[in-house]
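S.K.: Could you look at this predicted model? Sequence included:
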Amino acid sequence: MAHSTIRNKRNVNPRPFKLHELIAKAFPKKFSVQTIYHYTTLDVAQLFLNPEKIMLYCTYAKALNDNQEYMIGIEYAEAHIAEVMHLDAEVLSEVKAMLNQLKNIGYRIPWVMSFSTQRDLLSQWRAYTDKKNGGYAIGFSFSELEKLVKKIVLQKAANSKGRPPYILHLLPCFYLDYESETSMQEVSRFFKLIFNDHFNNVVTSLIDVNNLQQYAAAIVSLICVFAAFIKHQAFKEEDEYRLMIQVCDKDYEKNVEIVGNKPRMKISEKIRSVDLHKMIKELWTSPHGDTDILKSIAHFMQRRYNGKWLLYYSNLPFNGR
């Protein structure tokens with residue numbers, strides 16, 4: 001089998017933030033962004049603004065507005081994985097069987113929290129806020145959120161002796177735009193960084209590469225990561241970034257809560273108020289709903305939670321469509 005030629009390096013202890021560092025080095029411009037915005041409803045916004053209760057929540061990928069968008073990344077991976085990784089027929093067959101299981105029963109599907117670099121975008125207000133009551137766009141400092149995610153990842157790895165209950169990734173999205181050579185080159189490079197560089201240098205140190213099921217499962221796990229950051233060209237204007245949770249321990253699924261009529265995975269680590277104030281830079285009220293009430297609530301939340309964020313009010317024309 002093709003994978004039998006790779007040496008097993010299980011005694012190596014790779015840095016748990018290695019994939020993030022690899023992608024950041026390859027796409028430095030994407031990691032120099034200042035602020036990313038999370039558009040959401042009032043009830044969800046309060047989860048991020050209250051320093052006494054704040055926790056990060058990610059939504060089940062199949063419960064996103066477009067529940068099929070996750071599959072375009074899976075389909076791209078299916079079309080290119082054998083060639084990029086030089087897989088033999090036996091490994092490829094096992095990978096495809098596991099992917100079919102994923103498609104049919106949701107096996108390994110991750111949880112994501114979406115952000116946009118666009119701070120007052122009409123399509124985002126329409127897609128992610130309540131059509132009747134409006135909502136907010138929370139501006140997060142990318143660098144501070146990145147530091148927090150890294151701290152959580154390293155703490156989890158240290159406390160769990162290399163077997164954390166979940167894995168976190170904070171990465172930009174890449175767009176499948178077959179009419180743009182630049183976009184497709186970025187997708188291809190992102191794919192190869194994961195399945196050549198990261199897989200060969202890190203993942204093979206954690207598995208028995210001569211065990212067919214382990215080897216195929218590791219590939220499928222990374223396909224799930226890849227797919228979470230691939231989007232259709234129709235959404236290019238959003239310039240989206242995502243925080244992704246990939247659950248490794250099924251017991252951790254007990255942290256799922258229903259918020260805003262959607263299943264959301266809670267990151268169990270409590271975030272200190274000092275981290276909150278560093279992370280959140282802006283709060284925008286939507287251009288629809290009872291805007292006076294939304295503005296009042298924004299002011300009250302800022303006073304109650306001693307928020308340091310700047311308040312803005314969208315005046316975009318909103319017709320509800």
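M.R.: Okay, I see it.
S.K.: Glu144 falls within a helix, correct?
M.R.: Yes: assessed by DSSP: H, G, I helix; E, B strand; the rest coil, Glu144 belongs to a helix.
S.K.: Touching, it and Asp275? I think so.
M.R.: Yes: judged on CB atoms under 8 Å, Glu144 makes contact with Asp275 at a distance of 7.4 Å. To be clear about C-beta, it is placed using only N, CA and C from the backbone, and glycine gets the same treatment.
S.K.: ok, Asn159 - how many residues close by?
M.R.: 9 (other CB atoms under 10 Å).
S.K.: With Ser116 instead?
M.R.: 23.
S.K.: Make sure Asp290 is actually in contact with Asp130.
M.R.: No: judged on CB under 8 Å, Asp290 makes no contact with Asp130 at a distance of 10.9 Å.
S.K.: Show residues contacting the lowest-mean-pLDDT helix or strand in the chain.
M.R.: The helix or strand of the chain with the poorest confidence is helix 273-279; it has a mean of 73 (mean pLDDT, DSSP states H and E). By CB atoms under 8 Å, 6 or more residues apart in numbering, the residues outside helix 273-279 that reach it are 48-49, 51-52, 54, 140-141, 144-145, 148, 271, 305-308.
S.K.: on that earlier part again, more crowded one of Asp290 and Asp130?
M.R.: Remark: of Asp290 and Asp130, Asp130 carries more neighbours, 16 against 12, as counted by other CB under 10 Å.
S.K.: Pull out the buried positions in stretch 311-321.
M.R.: Within stretch 311-321, the residues that count as buried by 16 or more other CB atoms under 10 Å are Ser314, Phe318.
S.K.: Can you give me the end-to-end span of stretch 98-113?
M.R.: 25 Å (CA to CA, to the nearest Å).
S.K.: same check, this time on stretch 154-173
M.R.: 23 Å.
S.K.: And the contacts of that stretch?
M.R.: When contacts are defined by CB under 8 Å, 6+ apart, stretch 154-173 is touched by residues 13, 16-17, 19-20, 23, 27, 30-31, 33, 145-146, 149, 152-153, 206, 225, 228-231, 239-249, 251-252, 267, 269.
S.K.: Mark which of those are buried, thanks.
M.R.: Applying 16+ other CB under 10 Å to the contacts of stretch 154-173 flags 16-17, 19-20, 23, 27, 30-31, 145-146, 149, 152-153, 206, 225, 228-231, 239-247, 252, 267 as buried.
S.K.: where does the stretch 51-200 of the chain have low pLDDT?
M.R.: Filtered on pLDDT under 70, the stretch 51-200 of the chain yields the residue ranges 51, 53-54, 65-68, 104-108, 161-162.
S.K.: Tell me where it has helices.
M.R.: 69-85, 89-105, 122-128, 142-159, 181-192, 199-201 (DSSP state H, counting those that start in this stretch).
S.K.: What residues are recorded as beta-bridge partners of the closest residue to Val149 other than its chain neighbours?
M.R.: Among residues not flanking Val149 along the chain, Leu170 sits closest, at 4.7 Å (CB to CB, 6 or more residues apart in numbering). Under the criterion DSSP bridges, Leu170 forms beta bridges with Leu243.
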